[in-house]
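Asks: After the sequence you'll find the predicted model.
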Amino acid sequence: MATKIVNKEYKRVDLVEISGRIDSSTAPQLEQALNKVIKDGRFHIVVDMADMEFMSSAGLRALLSALKQVRRFNRGDLRLAAMSTKVKKAFELAGLLDVFQVFDNSVDAVGSF
């Protein structure tokens with residue numbers, strides 16, 4: 001499955017949907033998508049991982065980098081939604097589950113802003 005990253009812009013939140021794998025070759029694509037949202041002055045972001053199969057440490061770094069940018073000066077937050085058990089395990093091993101707010105689905109995550 002090819003990696004696909006789609007951004008949906010709502011009134012107060014941007015929903016970034018990821019499908020496929022995020023690894024060292026596709027992480028720059030994710031970073032670019034998140035940086036574009038931030039550059040547009042939008043700091044409330046939800047990353048929907050419902051269709052994501054795998055995330056490497058490069059993907060984790062891309063998310064952490066975006067999180068730091070949106071939280072800078074208390075401008076916003078980046079929240080994660082619909083994480084699979086396998087992906088959740090990667091976040092757990094990296095010690096990042098406490099860093100991000102994680103929701104069961106994107107509706108709850110978007111509603112949390």
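Replies: Yes, it's here.
Asks: Can you list the buried residues in the longest strand along the chain?
Replies: Criterion DSSP state E: the longest strand present in the chain is strand 44-55. For strand 44-55, burial by neighbour count (16 or more other C-beta atoms under 10 Å) applies to 44-49, 52, 55. Glycine gets a C-beta too; all of them are placed from N, C-alpha and C.
Asks: go on, stretch 98-106?
Replies: Buried residues in stretch 98-106 (16+ other C-beta under 10 Å): 100, 102-103, 106.
Asks: re earlier: state the pair within the buried residues of strand 44-55 that is farthest apart.
Replies: Distance extremes for these: the farthest pair is His44 and Met55 at 21.6 Å, using C-beta to C-beta.
Asks: give me every residue that touches the closest residue to Met55 other than its chain neighbours.
Replies: With C-beta to C-beta, 6 or more residues apart in numbering as the criterion, Met55 has its nearest non-adjacent residue at 4.6 Å, and that residue is Ile22. The contact partners of Ile22, by C-beta atoms under 8 Å, 6 or more residues apart in numbering, come to 3, 30, 52, 54-56, 58-59, 62.
Asks: Need the outlier residue of this protein, farthest from its centre.
Replies: Phe73 (19.6 Å; C-alpha atoms, centre = their mean).
Asks: gap between it and Ile45?
Replies: Counting by C-beta to C-beta, to the nearest Å, the separation of Phe73 from Ile45 is 16 Å.
Asks: that older thread, just the ones of the buried residues of stretch 98-106 in helices?
Replies: If you go by DSSP state H, the buried residues of stretch 98-106 have Ser106 in helices.
Asks: for the residue nearest to Met55, phi and psi?
Replies: As for Ile22, its main-chain torsions (degrees, to the nearest 10) stand at phi -110, psi 110.
Asks: try Arg12
Replies: phi -110, psi -10.
Asks: now, which of the buried residues of stretch 98-106 lie within strands?
Replies: 102-103.
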